[in-house]
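Asker: Model the following, please.
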Amino acid sequence: MNPPAAYLIGLAKCGTTFVRGYLEKHPEIILARSAHHFMMPQERYEAGHPFYLREFEKPKYDGKYVIDCCETLGHGFVFDEFDPYASDPCLVPGGNCVTTYDPHTIIDRIRGTFGHRIKIILIIRNQIDMLRSVMKWYRDDVPSPVDFMQTETWFRYVKGGMYHSTVSNWSSRFESENMIVIPLEWMKMCPDSTMQWLLFFLGVSEGKPYAQADQVGNRNAGVSNKEYNLFALRNKYPGIWMPPSLVLPFMSDEILPKKIIESLHGLYAASNQATSGQIGFNLKDFGYPIGGEPCTSERR
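Answerer: Predicted coordinates:
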């Protein structure tokens with residue numbers, strides 16, 4: 001068996017798939033997509049654990065540096081009565097999604113399986129841009145941005161943007177030399193130097209020079225959340241779909257109202273200041289909200 005040597009835990013809509021696309025280009029690295037196992041209800045987790053480990057007995061992992069990943073693992077939710085790969089009732093106003101915010105259970109499960117020396121890669125993103133991406137991701141599933149902001153899903157994403165809490169949770173279980181935090185904006189601005197830094201952290205030989213062009217068509221190449229039928233609401237809640245003609249206003253250039261952006265800027269300023277101290281560089285340099293006027297990395 002060749003178990004994972006690292007976890008790309010990410011936070012949904014923070015660029016985990018983007019980074020995954022670069023890592024998969026390295027000839028020594030192979031990525032799995034089974035880490036959602038650690039989010040399962042306790043009984044299902046225990047029953048499925050042997051099958052999870054058996055995954056890494058497959059020949060395709062032999063001789064490779066294995067990284068397992070799950071885009072929502074970093075949010076810290078353990079599902080009590082809900083399969084995250086089946087549907088998302090949290091998206092429906094008033095819907096009941098039975099989860100427990102319990103990040104230490106997820107972290108302890110991983111550490112208990114592979115030990116504290118497992119490598120942890122956390123991808124973060126400017127929260128305003130992350131929430132814009134969330135809005136676009138769910139644009140076909142709710143009638144309007146205002147309706148979406150009343151759902152449990154929206155509040156889960158907003159809470160997930162408190163990166164200082166996520167960093168604290170993971171760093172409390174894993175030593176600093178085994179954990180790395182990468183702003184997505186850094187990867188986009190300097191893909192080659194960021195990748196070489198990441199490969200050094202993993203202990204993998206340097207790859208070819210990496211360029212932004214390497215990411216063109218990433219999702220079209222099959223690296224896609226949709227491929228796994230995530231949040232398959234279309235069958236379960238057909239009544240909430242809007243006519244195609246109503247999608248366009250939701251897809252406008254600025255889908256977050258200005259007052260919401262200002263509110264989020266104030267909400268995340270202290271968290272980003274704390275995160276900057278935790279990871280050793282100033283997130284304000286990447287456009288994250290830290291005092292002053294609201295700004296974003298993609299709209300400066």
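Asker: pLDDT of the longest helix seen in the chain, averaged?
Answerer: When the chain is parsed with DSSP state H, its longest helix is helix 258-279. Averaging pLDDT along helix 258-279 yields 90.
Asker: buried stuff in that helix?
Answerer: By neighbour count on 16 or more other Cβ atoms under 10 Å, the buried set for helix 258-279 is 261, 264, 265, 268, 269, 271, 272, 273, 274, 275, 276, 279. C-beta here means a position set from N, CA and C on the backbone, and glycine is covered the same way.
Asker: what's the answer for stretch 188-199, then?
Answerer: 188, 191, 192, 194, 195, 198, 199.
Asker: of all the buried residues of helix 258-279, which two lie farthest apart?
Answerer: Spanning the widest gap among those are 261 and 279, at 23.9 Å by Cβ to Cβ.
Asker: tell me which element residue 186 falls in.
Answerer: Assigned by DSSP states H and E, residue 186 falls within helix 184-189.
Asker: Which residues outside that helix are in contact with it?
Answerer: 14-15, 18-19, 22, 123-126, 194-195, 212, 286-287, 297 (Cβ atoms under 8 Å, 6 or more residues apart in numbering).
Asker: Spell out the residue ranges of the strands in the chain.
Answerer: Ranges of strands in the chain, per DSSP state E, are 6-8, 29-32, 65-69, 77-79, 99-101, 119-124, 179-183.
Asker: Could you export those strands to a markdown table, including columns for mean neighbour count and distance to residue 204?
Answerer: Formatted as a markdown table, the strands of the chain follow (neighbours: other Cβ atoms under 10 Å; distance: least, Cβ to Cβ, whole Å):
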| stretch | mean neighbour count | distance to residue 204 |
| --- | --- | --- |
| strand 6-8 | 26 | 9 |
| strand 29-32 | 19 | 6 |
| strand 65-69 | 23 | 5 |
| strand 77-79 | 20 | 30 |
| strand 99-101 | 14 | 33 |
| strand 119-124 | 23 | 10 |
| strand 179-183 | 21 | 13 |
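Asker: CSV for those strands, including mean pLDDT?
Answerer: Listed next are the strands of the chain as CSV, based on pLDDT from 0 to 100:
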stretch, mean pLDDT
strand 6-8, 93
strand 29-32, 92
strand 65-69, 93
strand 77-79, 78
strand 99-101, 76
strand 119-124, 93
strand 179-183, 92
